[in-house]
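K.L.:
Prediction below, plus the sequence it came from.
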Amino acid sequence: MAEKGGSTAKKRVGVHLCTCRTELGRYLNMDRLAAALAANPAVAYVKVGEELCAPSGQEFLRNMHKEQGTDRVLVGACTPNIQGLIMRAALEDAGLNRYLYEQVNLRELCAWVHGDREAATDKAIRLMQAAVGRTLELEGLEDIELPVLPEALVIGGGVAGMQAALEIAQRGFLAHIVERTEALGGRAYRLSVTFPTHNCGICCMQYCRECVLTPKVEDVMQNPRIKVHLNSEIEAIEGGFGDRRVVLGTPGGKEELRVGTIILATGSDVFDASRIPEYGFGRHRDVVTTMDLERMLETEREAGGALVRPSDGKTTPRTVNFVQCVGSRDRVKGNLHCSLVCCTYAIGQAREIKKLHPGTEVFVHYIDLRGPYRGFEEMLEQAKAEGVVFVRGRVAEVAERKGRLHILFEDTDLGRQVDMPTDLVVLAVGQEPAKDSDRIAKMLHLQLDQDRFVKDLNPNFPDEYRRGVFVAGCAEGPKGIRYSIDDAKSAAIAAADLMAAGKIRKTRAIAVVDETRCRGCGVCEEICEFGAARVVEKDGRKISVRDEARCEGCGMCATQCCNRAISIKHHTRPQMDALMKGLLNKKVQGARSKGQGVDGGEA
Amino acid sequence: MADFEPSIIAFTCQWCGYPSAVLAGVNRIEYPPGVNIVRVMCTGMIEPSYIMRALEYGADGVVIVGCQMENCHYTVGNKRAQERAEVLWPLLDMMGLGAGRLRTEWINASERVKFAKAMQEFSERLRTLGPNPLGAGSGNGEGGH
């Protein structure tokens, strides 16, 4: 606030108003707004454009800025997050510092949400006048430029992780895969039949998209630009955007990597079926999960024998009941979310059993069948034609009576309860967040979503917001193989683009410490979630310093500092003060108004 | 008093609060024009002094709108903001301003209806609470009485 006063007299703001074709004019009195702003002595000029984000509007902004020569510009238009970026870029072209650009969202925050035109205009005047105050307080700044190291860390060696590593290697960068088990491949490699080819992913020669795109373990192992760390865990990740130090716990001891980008592909776990005791998993040997069945089918295929009941190891089941949504869409006993893949894979397995043993009766108990994939409906039709019976309704219980396994279920189409003897019950278990993925998410400052999967930052955000960290595959939520692969590809491409650029521009809107006020108490170091604040010795006393690469500009340290030694660039106290003063100044309304807005508090 | 339109400072975070306000606009959901939206990076950066300053400048109410708990873009900024509000509430009562003049809302970026509804409710609430006793004196200079 100290530097105010004298300097503001010289500073002047160029104001542009955009009518958004007719959109703003319809809800706001633009003439009154423009006149009110023109009367502000700090405003150099007010120009009204029709469509400032269109090419013609951008041209207008550029010319206007070159002509008028104000050093700061305020635009009253729409949302600064979308079209605002376009307008700011146009003005930057014409020489404006991007930190001296301010925008008021007159459309979404005013015109579109208030029915009374004059009241809305009063508010628009208030918003704009307040923003003029803030604009005067703005400070010209330069972005921070950070190097991005040319190596990537891929956490998880399943389908998504392998695909991501291959894509990165193909683009010329080194990829480290860190896998905690002893082998690459993840869950997809334990599947005996995959949709839609209905064959195992390894040896089929059908060249369907689903499988051909499945990365081959061998390709990964032989790629000179991929380093595979098996039996290894991530112990710590430090550093910030573009340069992170990763500590691995490997069988050979601790290892350290320095990487520019990170892809989190930790996958998902399958639901533990014993959490629903009524289904008898773990109590009856003939109650298995779909993952168990995959193994049984594979063994059978390799040994050339028949599918056998686990309880005796020799008889072929005559009746098989599939139970869908085990642990999925069940808030009480499992997870609320749908696992997306279980309908598809269970139907595949049902057909496989029918193919091997046409005499076996196969029932699928479902709530609804969800298969949002091309080819799913056809597969479902085929399964029905092959004799798989679909029964709508929940299964109540699986129990043993007189040495025989019984399944008790409701058939809602027939409207009755059925108690049926069965030889094998297959529980279609859903996907849930992988154990430990929350620990890694925390290291990378990623949030978990409502189902505790790791939440990727919105991929629509510009790169500079995404911190060089990407989430791919089932770590982000249940996905089929195809979607995991697509996901991994797009994450890898985004990571490779960053590494190819070799550097990233990051906003300067971060914390700065006033060393004369800082006492080095260390509260900021304690609370900073990103490890950006550190207390160091300087000239014989302790002060806090900021790591520019790590600071996200959230402002928590500034608020917590009892000496007011910390401020956030571009969100300074004088800027905030000027804005609030303007917003709450009830006197300043432009021209007339019919008593609205000058709300006459005490009347 | 009949046409008392409460003036509100709504601090919204860049990641959830502000986008929900923008979406309310896109969906043309009305709320009172006394609501003035101030965008901040995170609700964790809202200093108690900002809130007090807003009241001093004559705001009838201050509302903090941020990401849902456990969902803060910066991990715990909203938690800190909530903690600060909890400290301020009894103080506001003690000062005679009333805890009701400060409100917190934790919502998702997509919850436009919830945003607009919160603004409407808060405005209604402030209408019954009456104008900020400091209000007339400060911002508009006509606070003779």
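P.N.:
Nice, thanks for sending it over.

K.L.:
thought residue A:384 was touching residue A:390?
P.N.:
Yes: Residue A:384 is in contact with residue A:390 according to Cβ atoms under 8 Å; the separation is 6.9 Å. (Each C-beta comes from the backbone N, C-alpha and C, glycine too.)

K.L.:
between these two, which one's more packed in?
P.N.:
residue A:390 (18 against 13; other Cβ atoms under 10 Å in any protein chain shown).

K.L.:
The host helix or strand of the more buried one - contacts with which helices or strands?
P.N.:
In the assignment (DSSP states H and E), residue A:390 maps to strand A:389-392. Using 3 or more Cβ pairs under 8 Å, 6 or more residues apart in numbering or on different chains; DSSP states H and E, the elements in contact with strand A:389-392 are strand A:361-366, strand A:404-411.

K.L.:
Okay, the spatially most central residue of chain B and residue B:50: tell me how far apart.
P.N.:
The centroid of chain B falls nearest to residue B:63 when counting by Cα atoms, centre = their mean (1.4 Å). From residue B:63 over to residue B:50 the distance is 12 Å, taken as Cβ to Cβ, to the nearest Å.

K.L.:
same thing with residue B:123?
P.N.:
Taking Cβ to Cβ, one finds residue B:123 at 20 Å from residue B:50.

K.L.:
Show me where the chain dips below the pLDDT cut-off.
P.N.:
Since you didn't name a chain, this refers to chain A. For chain A, residues meeting the criterion pLDDT under 70 lie at A:1-10, A:196-215, A:587-603.

K.L.:
wait, chain B
P.N.:
For chain B (pLDDT under 70), the answer is B:1-2, B:135-145.

K.L.:
at 90 instead, please
P.N.:
Along chain B, segments meeting pLDDT under 90 span B:1-4, B:70-75, B:109-110, B:134-145.

K.L.:
Show me which positions of stretch A:175-187 end up buried.
P.N.:
Neighbour counts over stretch A:175-187 (16 or more other Cβ atoms under 10 Å in any protein chain shown) mark A:175, A:176, A:177, A:178, A:179, A:180, A:184, A:185, A:186, A:187 as buried.

K.L.:
The second one and residue A:261, how far apart?
P.N.:
The one in question is residue A:176. Using Cβ to Cβ, which is the criterion applied here, residue A:176 is 11 Å from residue A:261.

K.L.:
okay, and the common contacts of those two?
P.N.:
A:152, A:153 (Cβ atoms under 8 Å, 6 or more residues apart in numbering or on different chains).

K.L.:
Regarding residue A:144, what are the backbone dihedral angles?
P.N.:
phi -90, psi 140 (degrees, to the nearest 10).

K.L.:
How about residue A:344?
P.N.:
Reported as degrees, to the nearest 10, the phi and psi values for residue A:344 are phi -60, psi -50.

K.L.:
Stretch A:451-469: end-to-end distance?
P.N.:
20 Å (Cα to Cα, to the nearest Å).

K.L.:
same deal with stretch A:406-418?
P.N.:
10 Å.

K.L.:
Check stretch A:440-460 too.
P.N.:
Start-to-end span of stretch A:440-460 (Cα to Cα) is 23 Å.

K.L.:
What are the contacting residues of it?
P.N.:
So stretch A:440-460 is contacted by A:155, A:234, A:236-237, A:262, A:264, A:266, A:268, A:335-337, A:432-433, A:437-438, A:465-467, A:469-471, A:474-477, A:490, A:494, A:529-530, B:70-75 (Cβ under 8 Å, 6+ apart).

K.L.:
buried sites along it?
P.N.:
Residues A:440-441, A:443-449, A:452-457 are the ones in stretch A:440-460 that count as buried (16+ other Cβ under 10 Å).

K.L.:
Tell me which of these fall in helices.
P.N.:
Among those, the members found in helices (DSSP state H) are A:440, A:441, A:443.

K.L.:
now the last one: how far from residue A:254?
P.N.:
Read it as residue A:443. Distance, residue A:443 to residue A:254, using Cβ to Cβ: 16 Å.

K.L.:
Check chain A and tell me which residue is nearest its centre.
P.N.:
In chain A, the residue lying closest to the centroid (Cα atoms, centre = their mean) is residue A:456, at 2.1 Å.

K.L.:
follow-up on the earlier one: quick check, the residue nearest to the centre of chain B in a helix?
P.N.:
No: according to DSSP: H, G, I helix; E, B strand; the rest coil, the state of residue B:63 is strand, so it is not within a helix.

K.L.:
Next up, the contacts around it.
P.N.:
Counting by Cβ under 8 Å, 6+ apart, residue B:63 makes contact with B:8, B:9, B:10, B:11, B:102, B:103, B:104, B:105, B:118, B:119, B:122.

K.L.:
can you redo those residues as JSON lines with neighbour count?
P.N.:
Shown next, in JSON lines, are these (neighbours: other Cβ atoms under 10 Å in any protein chain shown):
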{"residue": "B:8", "neighbour count": "26"}
{"residue": "B:9", "neighbour count": "25"}
{"residue": "B:10", "neighbour count": "27"}
{"residue": "B:11", "neighbour count": "26"}
{"residue": "B:102", "neighbour count": "25"}
{"residue": "B:103", "neighbour count": "21"}
{"residue": "B:104", "neighbour count": "20"}
{"residue": "B:105", "neighbour count": "23"}
{"residue": "B:118", "neighbour count": "22"}
{"residue": "B:119", "neighbour count": "26"}
{"residue": "B:122", "neighbour count": "26"}
